[in-house]
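A.B. asks: Here's a sequence, model it:
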Amino acid sequence: MTRPTLTQAVGPAHSRILGLGAVRGEQVVTNDDVAGPIDSSDEWIRQRTGIVTRRRARQDQDVLDLAEGAARAAVEDAGLTGADIDAVLLSTVTYFHQTPAGAAIIADRIGATPAAAYDISAACAGYCYGIAQADALVRSGNARHVLVVGAEKMSDFIDPTDRSISFLLGDGAGAVVVGPSDTPGIGPTVWGSDGGQAQLIRQTSSWKEAHETNGPWPTLRQEGASVFKWAVWQMAPVAEKAMAAAGVGPQDIEAFIPHQANMRIIDQMIKQLKLPEHVVVGRDIADTGNTSAASIPLATERLLREGQVSSGALALQIGFGAGLVYAAQVVVLP
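C.D. replies: Next up, the predicted model:
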């Protein structure tokens, strides 16, 4: 018996980000608003985190509402319609349903059905994970246009009395469309995980435990000092590898857009990477807070909207967080 040779899909040689959209929570929450329950102050929070305000969504909004708004804006910015989207990837850890995937619902809401759709659970690295997968889908020929959404409603998982992470958190969504390009627009992704340190950022209990014990609502906790050391000392080498893989150096980078975890982490990473003074740095955390998977696209949107960086600029982006997971790549901004 002679077996036939399978035909494989073949896509374009390159991909890039074609459009960008962003939605922030409408409510502005100041440091004074959150300082009381953690026995803190505006000054302490600013010094420790660089946060002045954080944005949180209305109670009647859920994470899919935020995701939909960003998705629609990104598709429009790319000059496309929902019908042009072949795959939808939703990076989130704050969607309450185990199934069906929130991505499928977003695809339906924006008119992208029957696009492939699935969720990514990679916490603060989720957006960069999505970019890596979108790039691969386009270049493999399995999709022409891929919508990547990073969306979080972190306020649903906040314990107001927690001093480890809850006062950092905000709500929002950022989305991009990745499609074919005549020139390279997304560099190789350097990514990985270290599950041996999973306890450093965690949920206080599983949903099963909370249900069986009729216990408190699960919220987030982190071991702040350990996370700080890991992010500063372990993530800078990852960013360096991403630049090397893309064939560029610090002098070629025009924007550095890290996960908006903590301003002190961002400042230390800049020192470790020895980035030149001309490099514009995303600091959206000061006004928006830590929005996990949404933080990098939100910071990117701010830089472009405010004219701090221009379309076509080379940006180094890196996400890192619970897992512990991480991912970095150099991209051409839309």
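A.B. asks: Mind giving me the packing neighbours of the longest helix belonging to the chain?
C.D. replies: Ranked by residue count and defined by DSSP state H, the top helix of the chain is helix 224-246. When contacts are defined as 3 or more C-beta pairs under 8 Å, 6 or more residues apart in numbering; DSSP states H and E, helix 224-246 packs onto strand 190-193, helix 263-273, strand 314-321, strand 325-332. C-beta coordinates here come from the backbone N, C-alpha and C atoms, glycine included.
A.B. asks: Next, the angle helix 224-246 makes with the longest one.
C.D. replies: Counting by axes from the mean of the first three to the mean of the last three C-alpha atoms, to 10 degrees, helix 263-273 points 40 degrees away from the direction of helix 224-246.
A.B. asks: could you list every residue that touches residue 256?
C.D. replies: 269-270, 273, 275, 279-282, 315-316 (C-beta atoms under 8 Å, 6 or more residues apart in numbering).
A.B. asks: Tabulate the helices and strands packed on helix 224-246 in JSON lines, adding columns for mean neighbour count and mean pLDDT.
C.D. replies: Formatted as JSON lines, the helices and strands packed on helix 224-246 follow (neighbours: other C-beta atoms under 10 Å; pLDDT from 0 to 100):
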{"stretch": "strand 190-193", "mean neighbour count": "17", "mean pLDDT": "98"}
{"stretch": "helix 263-273", "mean neighbour count": "18", "mean pLDDT": "96"}
{"stretch": "strand 314-321", "mean neighbour count": "26", "mean pLDDT": "98"}
{"stretch": "strand 325-332", "mean neighbour count": "25", "mean pLDDT": "98"}
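A.B. asks: between these, which one is nearest to residue 129?
C.D. replies: Closest to residue 129 of the helices and strands packed on helix 224-246, according to C-beta to C-beta: strand 325-332, at 5.3 Å.
A.B. asks: Measure how the closest one sits relative to strand 314-321, angle-wise.
C.D. replies: Going by the same axes, to 10 degrees, strand 325-332 makes 170 degrees with strand 314-321.
A.B. asks: about what we covered before: closest to residue 31 out of the contacts of residue 256?
C.D. replies: residue 282 (20.6 Å).
A.B. asks: pretty sure the closest one is touching residue 255, no?
C.D. replies: Yes. Using C-beta atoms under 8 Å, residue 282 is in contact with residue 255, at 7.0 Å.
A.B. asks: Between those two, which contacts overlap?
C.D. replies: 300, 303.
A.B. asks: And the residue nearest the centre of this structure?
C.D. replies: residue 293 (2.9 Å; C-alpha atoms, centre = their mean).
A.B. asks: List the residues that contact that one.
C.D. replies: Counted by C-beta under 8 Å, 6+ apart, residue 293 has contacts 91-93, 120, 122-127, 150-152, 319.
A.B. asks: hmm, back to that, residue 245: which of the helices and strands packed on helix 224-246 is closest?
C.D. replies: Of those, nearest to residue 245 by C-beta to C-beta is strand 190-193, at 6.0 Å.
A.B. asks: What strands line up against the helix or strand that that closest one is followed by, and which way round?
C.D. replies: Counting by DSSP states H and E, the element after strand 190-193 in chain order, helix or strand, is strand 201-203. Applying DSSP bridges to the sheet, strand 201-203 is found paired with strand 220-222 (antiparallel).
A.B. asks: List the contacts of the partner strand.
C.D. replies: Outside strand 220-222, the residues that reach it (C-beta under 8 Å, 6+ apart) are 154, 157-159, 162, 164-166, 169, 200-204.
A.B. asks: Tell me the most packed of the residues you listed, by neighbour count.
C.D. replies: residue 154 (27 neighbours; other C-beta atoms under 10 Å).
A.B. asks: excluding its backbone neighbours, what's nearest it?
C.D. replies: residue 169 (3.7 Å; C-beta to C-beta, 6 or more residues apart in numbering).
A.B. asks: Format the CA atom coordinates belonging to stretch 86-98 as PDB.
C.D. replies: Extracted C-alpha coordinates of stretch 86-98, given in PDB (Å, rounded to 0.1, in the frame of the first residue of the first chain):
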ATOM      1  CA  ASP A  86      -9.500  33.800  11.500                       C
ATOM      2  CA  ALA A  87      -8.500  33.100  15.100                       C
ATOM      3  CA  VAL A  88      -9.200  34.800  18.400                       C
ATOM      4  CA  LEU A  89      -6.800  34.300  21.400                       C
ATOM      5  CA  LEU A  90      -7.900  35.700  24.800                       C
ATOM      6  CA  SER A  91      -5.300  35.900  27.500                       C
ATOM      7  CA  THR A  92      -6.900  36.200  30.900                       C
ATOM      8  CA  VAL A  93      -6.900  34.700  34.400                       C
ATOM      9  CA  THR A  94     -10.100  36.600  35.600                       C
ATOM     10  CA  TYR A  95     -12.800  34.900  33.400                       C
ATOM     11  CA  PHE A  96     -15.000  33.000  35.800                       C
ATOM     12  CA  HIS A  97     -16.100  30.200  33.400                       C
ATOM     13  CA  GLN A  98     -13.900  27.100  33.000                       C
END
